[in-house]
Structure formats: structure tokens, C-alpha cells
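S.K.: What shape does this take:
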Amino acid sequence: MKKKIVILGSTGSIGRNAVHVVKHLAGEFEVVGLAARGNIEMLARQARELKCRHVALADTSRLDELGKILPANCRIHGGRNGILEIATLPEADLVLCAIVGTGGLVPVLEAVKAGKDIAIASKEVLVMAGELVMKEVSKRKVKFLPVDSEHSAIFQCLEGKREADVSKIILTASGGPFRGGKLCEIRRATYESALAHPVWEMGPKVSIDSATLMNKALEIIEARWLFNVPAENIDVVIHPQSVIHSMVEFIDGTVLAQMSTPDMRFPIQYALTYPVKHRGLLKPLDFAKLAGLTFERPDRRTFPSLDFAYEALKCGGTVPAVMNAANEIAVERFRKSEIRFTDIWAIIEKVMSSHKKLDRPSLDAILSADKWARAAAASVKIRKR
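M.R.: Sure thing, here's the model as predicted:
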């Protein structure tokens, strides 16, 4: 019997790769729902190719346009409620959430409550509400499978291992386009140069986060909740080749690493097919052709994002959600050329330091903190130098 899946964020980078995997393993899956923000042309094409009967569009102003190009038997769901309807379709077995930013939190929570297994690519879900989400996952006894290459690597290294045997989780990072750069040079970085990731092809928001190392900061918080590991046992190492996707160190001093060519279709496929592995589209590593693998410590003085993550975990409560929201607004301000690249960090630090945290927040409190942080980040005055 085919596994019935829903893809939230189907027109983004992860969503498109997920569709690629589904088409490759057509005998294994049936896509019953697709959701996107506003790319109606691609959404309609995906619906036709996958014979999908439900689509959701966040941008309600384009619903009529979408209706004109969709197959006649495909039902349209509109706005935030439409996304929730897609995420909780009764026939769905698994929901892949690839919504960029905070928009995935409520749909994922509702999908979990509806008993759906989750493949999570939207790291913001656990950054904002890790404790809340994982409690619901445990309560409903659903699978919560990582799609990020780093967390997929850790997940695979931990399979069959005892939690008590784990000493440390080591997240790898490429270092982004400005690795090794001087602060005075990085300060003048343009939006286009920050998008030019040396290894991965990603959407614009994730690309900027990789340039600031904020992507790795979010992954530290995500790893804490996914694997129930305290912050002090999560480390980051720069690995420019991005062949080792992450590692686990055990109490006896041994280390397990998961390796592959850097392509998101590997972790996406495993999350969709778990616990079974299927033959993939991509070639395995040719070790004889690897020029070498190098590692270095992150430059936390130039790139302070990792410190923000550890501070957010130390403070807990609403602080991680505030950190995430401040970053999203700062990245958008950088995109609009309102601020310099290095001002992204200044805004995050300012908003985090001025926030009055709330411990053990409810969903409403988390969403309120997110809203407050966005307004605060938008109003931070940056002196032009």
C-alpha cells in the first residue's frame, strides 16, 4: 500500500526536491495534498503531475487564478485555514513541512494532534516551541523525522544506540560564503554575495542564514529538542566540503559520522521512506576522488550567531522564539538594503536583550512573543557609518 503524504511548502527548494524524490519512487507514495505561498504556476504543475486532489494556497488573492489552471477534480483550500485543512487531511499518513519561517508551527502542531507522522524541514518549528511540540509528539506517539541534512545524519548515527551512551552531538557547517573573512570586509557584503553559498543550493532566507551562521544556531536549538541532548553537549565544527553531514561522539570516545555527496534528496528520501532505505537517484561517494576533508573551529567572534543559540537555550521560555523572529526581520531588512550584513547580528542581540521572557509558554504566548520580536526588530535604529 502506498504511503499517502502531504507536502507543505511544495514550491520551495525542499518541496521541489521532495517532489523529485516522490516521482522517482512513484510506486511507494501517493501525494494527497500540496500547499504553497503564492507560486500558482508551479503548484498547478505539481498537482497535475502528481494527480493530487487537494492544494492549499496561502495567498488568497490568487485563488481564482489558481482555479483556472488546476485539474477539474482538484479542490482548492485558501489562506491559513486552508493550510491547516491540508495538514490534517484524514487520508494522509505523513506530512512533510518545508514552510520557510514561522508559518509551519501551527500546521505541524495540528497535524501531530491529528495523528500524522511528520517529516520536518522547517527548523523554526522546534526553535519556537520545541518543548511544546515534542510533548505533543510523545503524547500522540507519532514519528517526528528530521529532513535537515545535519539532523538526518545524527538521527541515522543514533539508530539502535542507547541515549546513555551518547557523549556529544557534533553539527557540521560549511562556513558559508564569508568563511575566513575579516569583519571589515564582511560588513560591506551585498545581498547577492551573501546568497552565493559555496556548496548548497537553497532558498534565499536559508542562504542568508548560512552566511551569518544563524542557520547553524537554529540547528543547535532544533537538535536539543529532537535528540533530548543538553546544549552543552552540542558542538559545531566547520567542514567546508560538506561531505560529513554531522557526527555523534559516544562515551567511549568513538565517533560515528554520516557521509554523502551534498544533496538534499538524500535526507528527504530517508525521511519519507523511513524506516526502509530505497535505491536513490544519486551516485554514492567515490572516496578515491575526494581531495581531502578539513575541519576547523567556527570563528565565534566574527560570527556571533552560535552564541545567540546557546544563550537562548540557557534562558529558555520565549527567548528562542524571539531570537528566531528578530533574525527573520533582520534578514528581510538586509534584503531591502535598509541595513548592512553585520547589522543582522546587532538587531538580534538588541531584541533578545530587551525581551522579558516567559517560562513554559503556551502556544499563544509563543506567538505573542514572536509578534513582539518582529515589531521590535523592525524598529531598531541602525546608525549609518
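
S.K.: which stretch of helix or strand covers the closest residue to residue 235 other than its chain neighbours?
M.R.: In this structure, residue 235 finds its nearest non-sequential neighbour in residue 170, 4.9 Å apart by C-beta to C-beta, 6 or more residues apart in numbering. For the C-beta atoms, the positions are set from N, CA and C on the backbone; glycine is no exception. Counting by DSSP states H and E, the element that carries residue 170 is strand 166-173.

S.K.: Now the helix or strand just after that strand: buried residues?
M.R.: Going down the chain from strand 166-173, the next helix or strand is helix 183-186, by DSSP H and E. Within helix 183-186, the residues scored as buried using 16 or more other C-beta atoms under 10 Å are residue 186.

S.K.: domains in this protein, as residue ranges please.
M.R.: Domains of the chain are assigned by automatic domain parsing as 3-146, 164-260+284-315.

S.K.: Dump those into TSV; add mean pLDDT and distance to residue 353 as well.
M.R.: What follows is these, written out as TSV (pLDDT from 0 to 100; distance: least, C-beta to C-beta, whole Å):
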stretch	mean pLDDT	distance to residue 353
domain 3-146	96	18
domain 164-260+284-315	95	9
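
S.K.: Walk me through which strands the strand holding residue 170 pairs with, and which way each runs.
M.R.: Here strand 166-173 is paired, per DSSP bridges, with strand 234-238 (parallel), strand 244-250 (antiparallel).

S.K.: Just the buried residues of that strand, please?
M.R.: Neighbour-count burial for strand 166-173 [16+ other C-beta under 10 Å]: 166, 169, 170, 171, 172, 173.

S.K.: next one: stretch 175-182
M.R.: Under 16+ other C-beta under 10 Å, the buried positions of stretch 175-182 are 175, 176, 177, 178, 179, 181.

S.K.: Endpoints of that stretch, how far apart?
M.R.: Using C-alpha to C-alpha, to the nearest Å, one end of stretch 175-182 lies 13 Å from the other.

S.K.: The closest residue to residue 362 other than its chain neighbours: neighbouring residues, count only.
M.R.: What sits nearest to residue 362 in space, not counting adjacent residues and going by C-beta to C-beta, 6+ apart, is residue 132, at 7.8 Å. Each residue near residue 132 was counted by other C-beta atoms under 10 Å, and the total is 20.

S.K.: Which helix or strand contains residue 132?
M.R.: Using DSSP H and E, the element containing residue 132 is helix 124-140.

S.K.: Would you mind listing the buried residues in that helix?
M.R.: For helix 124-140, burial by neighbour count (16+ other C-beta under 10 Å) applies to 124, 125, 126, 127, 128, 129, 130, 132, 133, 134, 136, 137.

S.K.: pretty sure the second one is touching residue 108, no?
M.R.: Yes. Contact criterion C-beta atoms under 8 Å: residue 125 and residue 108 qualify, at 5.0 Å.

S.K.: what touches both of these two?
M.R.: Each of 97, 133 lies in contact with both residue 125 and residue 108 under the rule C-beta atoms under 8 Å, 6 or more residues apart in numbering.
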